[in-house]
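In: attaching a predicted model along with its sequence, questions to come.
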Number of protein chains: 4
Amino acid sequence: MSTVDSELRIGMVGYAFMGAAHSQAWRTVNRVYDLPVRARMARICGRDTPKVAEAADRLGWDSYTTDWRELVNADDIDVVDICTPGDSHAEIAIAALAAGKHVLCEKPLANSVGEAREMVAAAARAQATGIRSMCGFNYRRVPAVTMMRDLVAAGRLGTIRHVRAVYLQDWIVDPQFPLVWRLQKDRAGSGALGDIGAHIIDLTQFVSGQRITGVSAVTETFVKERPLPAGSAGLAATVDGTGDGPHATGQVTVDDAAVFLARLDGGALATYEASRFATGRKNALRVEINGSLGSLVFDLERLNELEFYDATRPGPEQGFSRILVTEGDHPYMSAWWPPGHIIGYEHSFTHEMRDFLAAVATGADPTPSFADALQVQLVLDAVERSAEHGSSWTGVEPALAPVAV
Amino acid sequence: MSTVDSELRIGMVGYAFMGAAHSQAWRTVNRVYDLPVRARMARICGRDTPKVAEAADRLGWDSYTTDWRELVNADDIDVVDICTPGDSHAEIAIAALAAGKHVLCEKPLANSVGEAREMVAAAARAQATGIRSMCGFNYRRVPAVTMMRDLVAAGRLGTIRHVRAVYLQDWIVDPQFPLVWRLQKDRAGSGALGDIGAHIIDLTQFVSGQRITGVSAVTETFVKERPLPAGSAGLAATVDGTGDGPHATGQVTVDDAAVFLARLDGGALATYEASRFATGRKNALRVEINGSLGSLVFDLERLNELEFYDATRPGPEQGFSRILVTEGDHPYMSAWWPPGHIIGYEHSFTHEMRDFLAAVATGADPTPSFADALQVQLVLDAVERSAEHGSSWTGVEPALAPVAV
Amino acid sequence: MSTVDSELRIGMVGYAFMGAAHSQAWRTVNRVYDLPVRARMARICGRDTPKVAEAADRLGWDSYTTDWRELVNADDIDVVDICTPGDSHAEIAIAALAAGKHVLCEKPLANSVGEAREMVAAAARAQATGIRSMCGFNYRRVPAVTMMRDLVAAGRLGTIRHVRAVYLQDWIVDPQFPLVWRLQKDRAGSGALGDIGAHIIDLTQFVSGQRITGVSAVTETFVKERPLPAGSAGLAATVDGTGDGPHATGQVTVDDAAVFLARLDGGALATYEASRFATGRKNALRVEINGSLGSLVFDLERLNELEFYDATRPGPEQGFSRILVTEGDHPYMSAWWPPGHIIGYEHSFTHEMRDFLAAVATGADPTPSFADALQVQLVLDAVERSAEHGSSWTGVEPALAPVAV
Amino acid sequence: MSTVDSELRIGMVGYAFMGAAHSQAWRTVNRVYDLPVRARMARICGRDTPKVAEAADRLGWDSYTTDWRELVNADDIDVVDICTPGDSHAEIAIAALAAGKHVLCEKPLANSVGEAREMVAAAARAQATGIRSMCGFNYRRVPAVTMMRDLVAAGRLGTIRHVRAVYLQDWIVDPQFPLVWRLQKDRAGSGALGDIGAHIIDLTQFVSGQRITGVSAVTETFVKERPLPAGSAGLAATVDGTGDGPHATGQVTVDDAAVFLARLDGGALATYEASRFATGRKNALRVEINGSLGSLVFDLERLNELEFYDATRPGPEQGFSRILVTEGDHPYMSAWWPPGHIIGYEHSFTHEMRDFLAAVATGADPTPSFADALQVQLVLDAVERSAEHGSSWTGVEPALAPVAV
């Protein structure tokens, strides 16, 4: 690597939870992986000057700006990394692609199918000129998840019969938790559904190699009014309470929880649940897949482990094996520590940046593409429509037909 | 107990899996519990003379008969215990009640709502003359399940937000597994839905104290044709294969798997899944309940354990506690072994018989009643109707209105 | 079985915890297993007339006696089952063998090596006349433990390197827990060491097929004086507290905990710990064995499970498999319930009685023999001697040399 | 932080496994924690010019040198971080302290008690002039371990009765694994004992607040001769095999496994095991502590979790609580991700650097001190002496008496 001069200059928009996670990954990726290109943390962008200046210094960016349009058009930026709430993804991404920047955009791709379709079209136009785009479903790069995908792709599960996926959190169980942007439809698009439900939709489709064709859904908002927020950090927040009077409150305009049944195009039955009201579950993304030859189980709270039931082993010895996915021959792990020395949440982003950099450097298209992310958006849309129509079976619209390139 | 002369003479119909389990419970119940009445294993009934004779000897019944009508009308029988497939429950139970016998009937109560309503009516008529009836949802008497119910009833979970329940088995994953009676609609009523789905419907309603008001469902039969069976034992079976030709086959007329969303009358969202195609899952009845103050998790494969998350504890110490439900002050456990010495599946039946005998002896109505079991049947019916109508939201019919006593 | 007239008439001495467990097993064994002989629960023996009469009625014995000498000499008794504290084992067993009764004796075999040697000699004399004897280390018959032994015997672990075994309980952590017989050296022989340590010594030797050759040990009595007891049941007990004065107390004369290092004759290093002061551990017999080709892990609190690490599998798929030992082709399990329907503590006794009855009926010597149990006693003795001599390495005496037949 | 000019210039010796781990921590620490001083990765030192040059570039150090004496005497270095094998710790550390550099030295502190005592003396002399020293037992800074210590210190376990600690790995089970430096006494001092046994000695003493006073030990070298190595990375290595002839081999001069019993000065009994032959155990540092009021369990392979049994809770609700130690109010966690987003092995080093920097900046002495590390060395020494003398009880020498300052 020391002989490589090539460098990709990153410009990142956003500096909150996702911005910090991406920064840690950009800072680390070339320190642990041998790559043909090196990421330079060139510029960070945010609307508030003191805050973005502080973030640049703390997170280690060379410079900062408060104008994302300046960033996406800057000559000294090669990649735009979008870590903002969903309502600004489309505008920033389309502008960056038009300006000839490679784009990495956080999930969910957009707040609506319409926006997502426009982004896919923009990505396709840019792709024709060698510009790359990718949506950041980082959990695909958890080594145990990648290994799940590999085992399924190798036919080790046989015909898949069942998928069951939950993503459970509990950070808004308290009705006094404030109305942060993630609880506002105009900013976040949807609630648990788009924020964490999108992850399990993408992950299960990625792992199974199958697409959801239809859904039956119910969504619910348990707490419909909440105090307005003062500040937030990560997923934590404080209430805006000055003076003696009652707190100002506002309407929660997104779902607190979404549950749905689905069919996959390979014949599997699936159940999905995304909730921020599952007391005691902090980040419980759990997926189980049952096939005719075996089963796989993953739990994000124990992300270094994968359970594999291989029904082709001798009968009396069959059981769910707890594989500690920390060996050098496990996906992404050769760069890290000796076996059994576990990695954490943030490493999924380092792996994502590794694959993104490698793709850009070699002229390949990274995945998941914007089109892949549109497909997730179409499932989210079908879920919302089913929920609005008495849970009736609702087909997922095809992604490709309406895409004008 | 040695000074008690009173005895209830049991007549049991059926001697297969359930018959063996009930026999073990009748044989044991008075050996471990002090009860005002003693069960006498008086007579067993089955259609095949050599088999029922052998069963009587092996299982320890005083006598046998091949005529259930003789049994239910016999003067020396006080209780009729019905362990047959669902298609004969209604006829036997109604006749037994009419003959003044207390009735314990295995679940599901019947193969149809119509039959179940007739049974409820018969039970109500009998109850007026002091005759007791009970449906055998034995998992209510797993100590950890009873403890769940007690914790919920004491308000320890606060407002219940989520119920998620699965009952997963894998004994028919092999497409060559034969077409046993449990796979035939005329005998079994339904497939995974009525056999194991009924258990999680009853268990979650029992524990939560709430009733399912509506559902959205999908059912599936993955393997639609199977070889005819030669013999079976428990859930195992062999294929009828004589000669060199291909096996005779028949149509599978029940569901292999059923998934559904539900709402409970206390406001909770719920998901349910019953499947016999979950490779590696042998008897995985798993229930999680999330409330505003805490959560509970139960797994029948580890039935001596209950996980309890108490959100009222100091924040940094909150976690799911694995309670080993084997202490003398846990439900039903004072009769068994020292702490940590676990019990098994069959003990749930011993507990069931204990409560049934105690109720009969003291003139109380045991639970779950036939009316409780009808309510489960109404949910099963709603599931089937929703599945037939594009998963559209389907209300659960009220149990009481149409019941003519 | 219905055509078999042969019957073995059991006479059991003792009716407390072990007596109840053995009764449940005698009552059940012929109901679930096809055996060439049937056990008849003929007579129970205890010193207190009202209590033994009540026990006979409750536990289901045909008759009772208060004189064990009468029992062991009775013409209508074929088998003597000894469930008393260890101080009476030798006298009863030797008398019973001399009277031509088959003997099943609870563990530990005796309270001293001297007694155990005499018992072995008596068993050898009796064996020459066709009389069988067995020591009741029931955990050998937990299906998962039997399966461990089978896997080791089949060479699946390769060369065994490590054994680590603990048996942890917590029922005397409270210093006010009374001075029951298990805490008195003259009755119990030793404390945690002989009561539960004996189990892990036997179990690890049984599973590994290797014998302990030497030890280095420490024992400890944390609470040296306790109130005198009023009554007890199972492992629970109450303090004798009448009047306002302080409770009468007495000296604890056994160990509360024993820890020791050991070498096995096949080259393995081993660690052992037996304690009644492990807060939160109720019946935590846990054994792990590491070999050059794999490892096995067992936990009595989850006795239906066995963890097996098979290092001959493809590297990236290696992991500890949780085998649910409930299949029909697992040891002892064909008689019980369908897969995943778990069994409990008491079933180990039913399996023990099965093998004992089968051995007696077929003229075979059941295991573990008194000689096997003497070897455990010799280990216990070496542990005590090492602990008394500054933990210095202490060889286990050979069992056979001094045995006079 | 952006307003702070103060900077500590780090010079690190070594660039293998530990060097990479420390680099990741130095690179990250100021990005996630607000500290009064910023670490500058100034210079890295190694003997091989191309390799150290490559390491400097890859790991992100400003410059490199091949002469540690130059480094420790350089004017532009404030801190010397020693990541070499144990045989060079004393010489480097003493020279660095003499040159007025703050020193962070990897564990074990030295290869002998004599060296360790000299280092303690040097640290004491330096401390008098405001120079700080610390030994890098990084696992103290795993949040769950710090929380264990806090709970014990708060009296939540009551009187500690039992400590059981194992550190199990399996990377040299294969007899063809080569003779790397960690298997050579002159480089490593000892084998599993000093490498991983030292961790559990320090961790249990840190958590319990008690010191080991005596031990009884056995050590073993299962494979006494191994092929010579060609290269290594992390704990992996390759055999030097050129040509067709047999590999050159060499003697293993350290222990493969060490087991010992111990007493702690607060009255607890303890067992310890360190092994590199525990097939299937990759990095299984597991510690359980039982006290009169509760118990704690930690497993490094699931380092984000802590199990806590609180015996002061209502009896029927007692159980081991799985605490996910990822909340903002858990030790060190406020800087990281939202609850449930787990951290990994490397974070323990970031926490270590945080506390080291804070101590240096504020003029406090960081812990563990060299004296603390000497005490661990004295335990290691007692273990070796006991093992050489028939496992006889061997007191741990006092640390302070012979220390000449």
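Out: Okay, I see it.
In: gap between the residue in the stretch 151-300 of chain A that chain C sits nearest to and residue C:83?
Out: Per Cβ to the nearest Cβ, residue A:151 is where the stretch 151-300 of chain A lies closest to chain C, at 8.3 Å. Placement of C-beta: from N, CA and C, glycine included. To residue C:83, residue A:151 is 52 Å away according to Cβ to Cβ, to the nearest Å.
In: rewinding a little: can you count the residues close to the residue of the stretch 151-300 of chain A closest to chain C?
Out: Using other Cβ atoms under 10 Å in any protein chain shown, residue A:151 is surrounded by 22 other residues.
In: got a list of what it touches?
Out: A:157, A:294, A:296, A:308 (Cβ atoms under 8 Å, 6 or more residues apart in numbering or on different chains).
In: hmm, 10 Å instead?
Out: A:157, A:207, A:289, A:291, A:294, A:296, A:306, A:308, A:310, A:323, C:316-317 (Cβ atoms under 10 Å, 6 or more residues apart in numbering or on different chains).
In: closest one to residue C:26 out of those residues, please.
Out: The nearest member of the contacts of residue A:151 to residue C:26, counting by Cβ to Cβ, is residue A:310 at 40.8 Å.
In: what's the separation between that closest one and residue A:319?
Out: Taking Cβ to Cβ, one finds residue A:310 at 9 Å from residue A:319.
In: mutual contacts of these two, please.
Out: B:280, C:321.
In: contact residues of the stretch 301-405 of chain A facing chain C?
Out: When proximity is defined as Cβ under 10 Å from any Cβ of the partner chain, the stretch 301-405 of chain A approaches chain C at A:305-310, A:313-325, A:327-331, A:333.
In: helix or strand next in line after the strand or helix carrying residue A:146, which one?
Out: According to DSSP states H and E, residue A:146 maps onto helix A:143-153. Next along the chain after helix A:143-153, taking DSSP H and E as the criterion, comes strand A:160-168.
In: close to chain D, is that following strand?
Out: Yes: with Cβ under 10 Å from any Cβ as the criterion, chain D is reached by strand A:160-168 at residue A:168.
In: which positions in the helix or strand just after that strand come out as buried?
Out: With elements assigned by DSSP H and E, the helix or strand that comes after strand A:160-168 is helix A:185-188. By 16 or more other Cβ atoms under 10 Å in any protein chain shown, the buried positions in helix A:185-188 come out as A:185, A:187-188.
In: and those residues as JSON lines, adding pLDDT and distance to chain D?
Out: Shown next, in JSON lines, are the buried residues of helix A:185-188 (pLDDT from 0 to 100; distance: Cβ to the nearest Cβ, whole Å):
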{"residue": "A:185", "pLDDT": "94", "distance to chain D": "22"}
{"residue": "A:187", "pLDDT": "92", "distance to chain D": "18"}
{"residue": "A:188", "pLDDT": "90", "distance to chain D": "16"}
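In: format those residues as a markdown table; extra columns: distance to residue B:63.
Out: Below are the buried residues of helix A:185-188 laid out as a markdown table (distance: Cβ to Cβ, whole Å):
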| residue | distance to residue B:63 |
| --- | --- |
| A:185 | 71 |
| A:187 | 75 |
| A:188 | 71 |
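In: can you narrow these to ones near chain C?
Out: Checked against chain C using Cβ under 10 Å from any Cβ, these give no members in range.
In: what's the spacing between residue A:225 and residue A:251?
Out: Going from residue A:225 to residue A:251 by Cβ to Cβ gives 6 Å.
In: actually residue A:393, not the one I wrote
Out: For residue A:393 relative to residue A:251 (Cβ to Cβ), the value is 30 Å.
In: can you check residue A:72 too?
Out: Counting by Cβ to Cβ - residue A:72 and residue A:251 are separated by 33 Å.
In: look at the two and report which has more neighbours.
Out: Neighbour totals were compared for residue A:72 and residue A:251, and residue A:72 leads with 25 against 13 (other Cβ under 10 Å).
In: who's in contact with that one?
Out: A:11, A:13, A:45, A:80, A:82, A:91-101, A:103.
In: can you say which of the residues you listed are buried?
Out: Judged by 16+ other Cβ under 10 Å, buried ones among the contacts of residue A:72: A:11, A:13, A:45, A:80, A:82, A:91-97, A:99, A:101, A:103.
In: just these: which are in strands?
Out: If you go by DSSP state E, the buried ones among the contacts of residue A:72 have A:11, A:13, A:45, A:80, A:82, A:103 in strands.
In: just the closest of those to residue C:387, please.
Out: Distance to residue C:387 across those (Cβ to Cβ) is lowest for residue A:82, with 67.9 Å.
In: I'd say that closest one and residue A:102 touch.
Out: No: at 11.5 Å, residue A:82 does not count as touching residue A:102 under the criterion of Cβ atoms under 10 Å.
In: overlap of the contact sets of these two?
Out: residue A:96.
In: on that earlier part again, hey, what's in contact with both of residue A:225 and residue A:251?
Out: Common neighbours of residue A:225 and residue A:251 (Cβ under 10 Å, 6+ apart) are residue A:179.
In: list the contacts of residue A:324.
Out: Counted by Cβ under 10 Å, 6+ apart, residue A:324 has contacts A:144, A:302, A:304-306, A:330, A:339-342, C:318-320, D:280-284, D:301-302.
In: now the phi/psi pair for it, please.
Out: phi -90, psi 110 (degrees, to the nearest 10).
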